[in-house]
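*Asks:* Next one to model:
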Amino acid sequence: QVQLVESGGGLVQAGGSLRLSCAASGLTFADYAMAWFRQAPGKEREFVAAIHKSSGSTYAHSVKGRFTISRDNDKNTVYLQMNSLEPEDTAVYYCAADWAPTGWVNKYRAVQYDYWGQGTQVTVSS
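*Replies:* Have a look, this model is predicted:
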């Protein structure tokens, strides 16, 4: 049974930083592309960042230069370091996994991912 468990969310002032973690179990972690999405109230779930062993990392334009995605395959964990946070970054952040044992083409739509975590709330105050 695949499980993705996010942690690290919270309340932070604008300009601050948070690091999210997503611990995966029940899968061969290195064979998966891992991604972060977010969903604000009343809005659709949107792509934030993704990482895969063959294609590296990719980011949404709105977070590029402020957020960094990384992974530790020994710990089955993917991270999202978020710096220079803005009130517009307020959302529930979700971890997602897409099976990709060899190559991977960047995927930006939520429906393209196989597994999801339960989400962690990030609130940025102005």
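
*Asks:* residues contacting the residue nearest to the spatial centre of the chain?
*Replies:* The C-alpha lying nearest the average C-alpha coordinate of the chain belongs to W36 (CA atoms, centre = their mean; 1.9 Å). Applying CB atoms under 8 Å, 6 or more residues apart in numbering, one finds that W36 lies in contact with 20, 22, 48-50, 69, 78, 80, 93-96. No exception for glycine: its C-beta is placed from N, CA and C like everyone else's.

*Asks:* and if we set it to 7 Å?
*Replies:* 48-49, 69, 80, 93, 95 (CB atoms under 7 Å, 6 or more residues apart in numbering).

*Asks:* swap in A97?
*Replies:* Per CB under 7 Å, 6+ apart, neighbours of A97: 4, 24, 27, 32, 34, 113-115.

*Asks:* wait, is T68 part of a strand?
*Replies:* Yes: per DSSP: H, G, I helix; E, B strand; the rest coil, T68 lies within a strand segment.

*Asks:* For it, give me its contacts.
*Replies:* Q81.

*Asks:* Quickly note the distance from it to S126.
*Replies:* T68 sits 23 Å away from S126, taking CB to CB, to the nearest Å as the criterion.

*Asks:* Same question for G65.
*Replies:* From G65 to S126 the distance is 20 Å (CB to CB).
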